[in-house]
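1. Next come a sequence and a model predicted from it.
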Amino acid sequence: MRTGVTLQGVDPPAEFELMVTEIETLGYDNLWLTDSSLHSRNCWAYLTLAARQTSRMTIGTAVTNPVTRHPAITAVAAATLAEISGGRAVLGIGAGDRPLLSLGYTPARLATLEASIRAIRALWSGATVEADEPGFALHDAHYRFPPGMDIPVWVSATGPRTLELAGRVADGVILLAGLHPDGISFALEHIDRGAEAAGRSERPPVTVFAYGAIDEDEEAAIAAARTIAAWFPQTAPVHCRLAGLPQEIIDQVRASYAGGEFQEAARAAAALPVGFVKRMALAGGRDEARQHLRELAGLGVDSVTVFPLGADRMATIRAFADCVAAETAMA
């Protein structure tokens, strides 16, 4: 199973560079960086730092969107990163999330997301593009420096329709569905449904994002994981119901957490039962993390990406690498 790390651009540049260097040394295959408007530093600038600090990992956005960035601007940014990194760039893209509300926007319609991916790929191919789509347009548009290499497009997906879109068009799927088998199975079924509808012979690769903390101090791990668990009632209530969260708690969290980055959901997260937090995120010690890895591998997941939360994110990244190594040794 391949592994990755997702970071937010919340660390000063020099600290970020040290983290990225260690992450590659630990053996991770992929490094992802969030694109979160006002809540973190510029992702493309930080991905350039990552490209200069690494030689092996693929690097990319997790994820950008077609609302705050015109698809043509994203195409240029990703192609530039591919050139700087020697062909290690990946474009992660989705419809957008709660932070868009701070800018007066809402997430993109799925038709806009699909059209954006189509336009980006066409610009990379060197084609001249004409498009009048909801949310963007291109007229006699062409890119003078097409990358001359394949840049995989990974689609971030949680809900059924986005999962099916990803199955139809993505080179890979970034899956935000918690960590419990029922939710992952539900998501994989919808990805398969999209792939089948498009006549694809197999499902695109899938990486499950494992948010949270690995800490033998269980209370600290649960506290770190609570805010991402609160993201699901607002954004993906279907996964809450699959995980057994009562509807009254779903409604309570939705009323408390209106928008912003998931770390801003602390007040809403207090209502969540510990059992639910553990089903949606890393929220315990190494034994629990290894159990999640075994379950995900058994479901046919290709990759797991740790998104560390809490006071010592590098400790979680190191612990996750140890867990993967231990599971690999037992295989």
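-> It's in. Everything numeric in this text was worked out from a predicted model, so none of it was measured.

2. Give me the residues contacting stretch 295-302.
-> With contact meaning CB atoms under 8 Å, 6 or more residues apart in numbering, stretch 295-302 is reached by 1-2, 175, 179, 181, 184-185, 188, 205-208, 304, 327. Where C-beta positions appear, they are placed from N, C-alpha and C, glycine not excepted.

3. swap the cut-off to 10 Å and go again
-> Residues from elsewhere that reach stretch 295-302 (CB atoms under 10 Å, 6 or more residues apart in numbering): 1-2, 172-173, 175, 179-181, 184-185, 187-188, 203-208, 210, 293, 303-304, 327, 331.

4. Not counting its neighbours along the chain, what's nearest the spatially most central residue of the chain?
-> Centroid check for the chain by CA atoms, centre = their mean gives residue 62 as the closest residue, at 4.4 Å. Of all residues not flanking residue 62 in the chain, residue 32 sits nearest, at 3.4 Å (CB to CB, 6 or more residues apart in numbering).

5. pLDDT of the helix or strand in which the one you found is found, averaged?
-> Using DSSP states H and E, the element containing residue 32 is strand 30-33. Taken as a whole, strand 30-33 carries a mean pLDDT of 98.

6. ok, back up a step: per-residue confidence at the residue nearest to the centre of the chain?
-> So residue 62 comes in at 97 (pLDDT).

7. Please apply the same query to residue 297.
-> Taking residue 297 on its own, its pLDDT is 96.

8. count of neighbours near it?
-> Residue 297 has 14 neighbouring residues, counting by other CB atoms under 10 Å.

9. Can you give me the buried ones in the one helix or strand it maps to?
-> Using DSSP H and E, residue 297 sits in helix 286-298. Residues 288-290, 292-293, 296 are the ones in helix 286-298 that count as buried (16 or more other CB atoms under 10 Å).

10. How far off centre is that helix?
-> Mean C-alpha position of helix 286-298 versus that of the full chain (CA atoms, centre = their mean, to the nearest Å) differs by 19 Å.

11. coming back round to it: which secondary structure elements does the strand holding residue 32 sit against?
-> In terms of contacts (3 or more CB pairs under 10 Å, 6 or more residues apart in numbering; DSSP states H and E), strand 30-33 is packed against strand 2-7, helix 13-25, helix 43-53, strand 58-61, strand 89-93, strand 153-157, strand 206-214, strand 303-308.

12. Is residue 316 in a helix, a strand, or coil?
-> Put simply, residue 316 is helix when judged by DSSP: H, G, I helix; E, B strand; the rest coil.

13. Let me see the contact set for the closest residue in space to it that isn't next to it in sequence.
-> Spatial nearest neighbour of residue 316, excluding adjacent residues (CB to CB, 6+ apart): residue 308 at 3.9 Å. Residues near residue 308 by CB under 10 Å, 6+ apart: 5-8, 19, 210-214, 224, 282, 314-320.

14. Now the buried members of the residues you listed.
-> Neighbour-count burial (16+ other CB under 10 Å) applied to these gives 5-8, 19, 210-214, 224, 282, 316-320.

15. list the contacts for the residue nearest to the centre of the chain?
-> Shown in contact with residue 62 (CB under 10 Å, 6+ apart): 4-8, 30-35, 43, 90-94, 154, 156, 174, 176, 207, 209, 305, 307.

16. Over to residue 59?
-> Here residue 59 is in contact with 4, 20, 24, 30-33, 46-51, 53, 81-82, 84-85, 88-90 (CB under 10 Å, 6+ apart).

17. Against residue 317, how distant is it?
-> 15 Å (CB to CB, to the nearest Å).

18. Next: residue 29.
-> For residue 29, the distance to residue 317 - CB to CB - is 13 Å.

19. Now do the shared contacts for those two.
-> Shared contacts of residue 29 and residue 317, defined by CB under 10 Å, 6+ apart, comprise residue 5.

20. Let me see the residues that make contact with the least confident helix or strand in the chain by mean pLDDT.
-> In the chain, no helix or strand scores lower on mean pLDDT, DSSP states H and E than helix 266-269, which sits at a mean of 76. Applying CB under 10 Å, 6+ apart, the contact partners of helix 266-269 are 223, 225-231, 233-234, 249, 252-258, 262-263, 277.

21. what bridges to the spatially closest residue to residue 228 that is not a sequence neighbour?
-> Among residues not flanking residue 228 along the chain, residue 211 sits closest, at 4.1 Å (CB to CB, 6+ apart). Under DSSP bridges, the beta-bridge partners of residue 211 are residue 307.

22. All good on my end, thank you.
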